[in-house]
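Colleague: what would the 3D arrangement of this be:
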Amino acid sequence: MKIKMPMTVTAADTIKRTISGTIVTWNEQGNTSVGPTVFAADSIEIKPVKLLLEHDRTRPIGKMIAHEVTKNGIVATFKIANTMAGEDALIEATEGLRDGFSVGAQINEWTNNKGVMQITSATLDEVSLVTDPAIDSARVSEVAASENEAPKEDSAPATAEADNPTEGEQVSDTTVPAPAEETVEAAKVEAAAPRPAFYTAPRIELSKEKYLEASIRAKVFGDEASIQYVRAADDTTDNAGLVPTRQLTEVINPLSNADRPSISAISSGVLPDAGLTFEIPKITAVPTVAETAEAGTPSETDQNVSYLTVNVKKYAGQQTFSVELLDRSSPAFFAELVRQMEFAYAKATNAAVSAALVTGATDGGNRTLSAANLQDFVADAAVSVYKGTLGFAQNLIVSPEQWGAIMGLVDGSNRPLFTAINPQNAGGALAAGTVRGNVAGLALYVDRSLTTGSGVGDGTMIVVNPESYTWYESPRFRLESNVIASGQISVAYYGYGAIATKVAAGAYKWMVA
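Modeller: This next block holds a predicted model:
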């Protein structure tokens with residue numbers, strides 16, 4: 001398994017043509033290509049690697065020349081190539097425009113801790129300079145750009161394996177061209193490699209001077225970044241300096257978010273690392289004790305155990321788009337696509353848990369909504385849940401419509417019951433500005449998955465003991481592949497989850513008269 005962990009560059013210097021900073025921080029959570037991740041101390045095996053631009057192996061801009069493993073993480077120094085792309089990278093890092101480090105690592109050993117991947121063994125595969133880091137503590141700390149003065153080379157001798165390209169890397173040397181046979185072989189390897197998780201299209205800064213410089217570098221030196229620049233400029237306009245129409249990177253999405261109210265209202269666990277089913281022992285008969293006469297026979301009842309079988313489900317989504325869209329659009333496109341797929345994943349998994357709660361919950365009897373009936377419903381639920389589980393009702397999950405109806409309830413003096421708390425009104429607290437609150441001592445969760453019909457029908461309010469239902473989940477994964485025939489890219493986002501109904505009586509649902 002390979003992941004990418006974004007960090008942030010802390011400094012840049014354009015004199016010595018080097019960039020330095022923390023590339024990874026120990027025991028600090030960050031969002032990687034597989035979800036929340038933490039690297040344990042000394043968990044990464046270091047080897048000399050290239051510095052890429054936005055995880056694109058076809059765009060190397062430098063190589064690691066020194067590194068130091070500290071108690072807090074890994075600090076590294078990179079020598080930047082004297083290319084157009086390298087020059088741009090130095091300037092962008094210095095000015096804080098592209099000041100993030102992101103390590104690509106091959107994972108060897110890891111554990112799952114409540115949905116967070118805890119990595120204990122990994123091998124460094126590459127490091128990239130990126131625009132937006134996930135962890136603020138890892139940034140470029142120094143950039144130097146003098147061609148005559150360079151930092152001391154890494155004391156560790158480079159091995160033959162480190163000098164040769166790894167699988168998926170492309171040989172690039174602007175001073176001593178590689179033999180033709182090696183170049184062809186490297187191209188074959190690169191063509192077989194999947195597209196990286198992050199990709200940045202060439203930065204277009206249209207001006208006559210920039211265009212002339214790029215044209216010379218492209219024709220004389222064959223500089224790939226210059227070639228891409230010339231192509232982009234030619235495709236954009238024949239008039240260098242024309243100001244294009246800008247699009248903001250913010251995205252409006254009123255359809256989905258990452259909230260999972262029903263999952264938040266129950267307990268959670270780590271999904272076992274293998275199998276499409278797993279079992280949980282459940283006691284079905286317990287030993288007994290009874291008053292016993294002198295010399296009498298004690299009460300004897302065998303303890304019996306059955307096994308609750310829980311099915312593991314996969315939740316997956318896919319997007320297919322053209323390579324032109326990825327190459328020629330803003331770098332924010334791919335990041336936003338992944339974010340929206342995460343929202344869709346959250347919506348689907350939460351709906352599965354909501355359905356399980358409605359199915360397993362005890363029928364609360366037919367009612368109409370009023371202040372008195374709501375109080376009776378909560379009281380009846382508390383009794384039912386305690387009798388059925390020997391645990392307590394703690395949370396109340398409602399549809400948005402029921403949330404609004406509860407906020408509108410008033411007492412006999414026309415005072416709101418749940419929108420304020422004072423000595424005369426201590427029934428709970430609800431507000432229009434938040435979907436969290438308190439109703440009759442129960443923590444409130446508003447869940448759109450419970451909206452059925454008018455939104456106030458059967459199963460639109462559920463009282464639950466969190467320990468009676470548990471959601472087990474794996475980290476999320478992303479799979480990318482190229483469709484050679486059409487030049488398209490398919491991205492799949494998926495994960496595994498299982499809802500265990502440990503004691504069905506731990507939920508009590510609203511029914512309409």
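
Colleague: OK, contacts around I462?
Modeller: L357, V358, A361, L396, I397, V398, L450, A507, Y508, K509, W510 (CB atoms under 8 Å, 6 or more residues apart in numbering). Just so you know, the C-beta spots here come from the backbone N, C-alpha and C atoms, and that holds for glycine as well.

Colleague: and the fifth one, helix, strand or coil?
Modeller: Put plainly, it is I397. Assigned by DSSP: H, G, I helix; E, B strand; the rest coil, the conformation of I397 is strand.

Colleague: buried residues of the strand or helix carrying F334, list them for me.
Modeller: F334 is located in helix 332-360, with elements delineated by DSSP states H and E. Buried residues in helix 332-360, counting neighbours by 16 or more other CB atoms under 10 Å, are found at 332-334, 337-338, 340-354, 356-358, 360.

Colleague: and it, what does it pack against?
Modeller: Using 3 or more CB pairs under 8 Å, 6 or more residues apart in numbering; DSSP states H and E as the contact definition, the elements that helix 332-360 packs against are helix 261-264, strand 313-322, helix 323-328, strand 461-464, strand 469-473, strand 488-501, strand 507-512.

Colleague: at 6 Å instead, please
Modeller: Secondary structure elements in contact with helix 332-360, counted by 3 or more CB pairs under 6 Å, 6 or more residues apart in numbering; DSSP states H and E, are helix 261-264, strand 313-322, strand 488-501.

Colleague: quick one: it to chain centroid distance?
Modeller: 12 Å (CA atoms, centre = their mean, to the nearest Å).

Colleague: same check, this time on stretch 284-300
Modeller: Here the centre of mass of C-alpha atoms in stretch 284-300, compared against the chain's by CA atoms, centre = their mean, lies 55 Å away.

Colleague: what's the answer for stretch 367-380, then?
Modeller: Going by CA atoms, centre = their mean, the spacing between the C-alpha centre of stretch 367-380 and its chain's C-alpha centre is 40 Å.

Colleague: which residues touch it?
Modeller: Contacts to stretch 367-380, defined as CB atoms under 6 Å, 6 or more residues apart in numbering, come from residues A405, L409, L417, A440, A513.

Colleague: hey, what's the closest residue to the last one other than its chain neighbours bridged with?
Modeller: By that I understand A513. Here the nearest residue to A513 in space, its sequence neighbours aside, is N366; by CB to CB, 6 or more residues apart in numbering that works out to 3.9 Å. Partner residues in beta bridges with N366: M511, with DSSP bridges as the criterion.

Colleague: and N366, how many neighbours does it have?
Modeller: Summarising burial for N366: neighbours were counted as other CB atoms under 10 Å, giving 10.

Colleague: ok, now how distant is it from M511?
Modeller: For N366, the distance to M511 (CB to CB, to the nearest Å) stands at 5 Å.

Colleague: same thing with V69?
Modeller: V69 sits 62 Å away from M511, taking CB to CB as the criterion.

Colleague: residues contacting E336?
Modeller: Each residue near E336 by CB under 6 Å, 6+ apart is listed here: V251.

Colleague: let me know the pLDDT of A504.
Modeller: In the predicted model, A504 carries a pLDDT score of 94.

Colleague: can you pull the contacts of it?
Modeller: Each residue near A504 by CB under 6 Å, 6+ apart is listed here: G360.

Colleague: and for V464?
Modeller: With contact taken as CB under 6 Å, 6+ apart, V464 is in contact with A265, N395, A507.

Colleague: ok, L51 - how many residues close by?
Modeller: Applying other CB under 10 Å, we find 24 other residues in the vicinity of L51.

Colleague: mind listing the residues bridging to it?
Modeller: As for beta bridges, L51 partners with G62, V127 under DSSP bridges.

Colleague: can you tell me how far it sits from S128?
Modeller: In this structure, L51 lies at 7 Å from S128, with CB to CB as the measure.

Colleague: also E213?
Modeller: Distance of E213 to S128, given as CB to CB: 25 Å.

Colleague: so for the two, which residue has more residues nearby?
Modeller: For E213 and S128, the more surrounded residue by other CB under 10 Å is S128, and the numbers stand at 26 against 15.

Colleague: that older thread, highest neighbour count among the contacts of V464?
Modeller: By neighbour count, taken as other CB under 10 Å, the most surrounded of the contacts of V464 turns out to be A507 (31 neighbours).

Colleague: poorly predicted segments of the stretch 151-300 of the chain, please.
Modeller: Within the stretch 151-300 of the chain, the set of residues satisfying pLDDT under 70 comprises 151-212, 220-221, 225, 229-247, 249.
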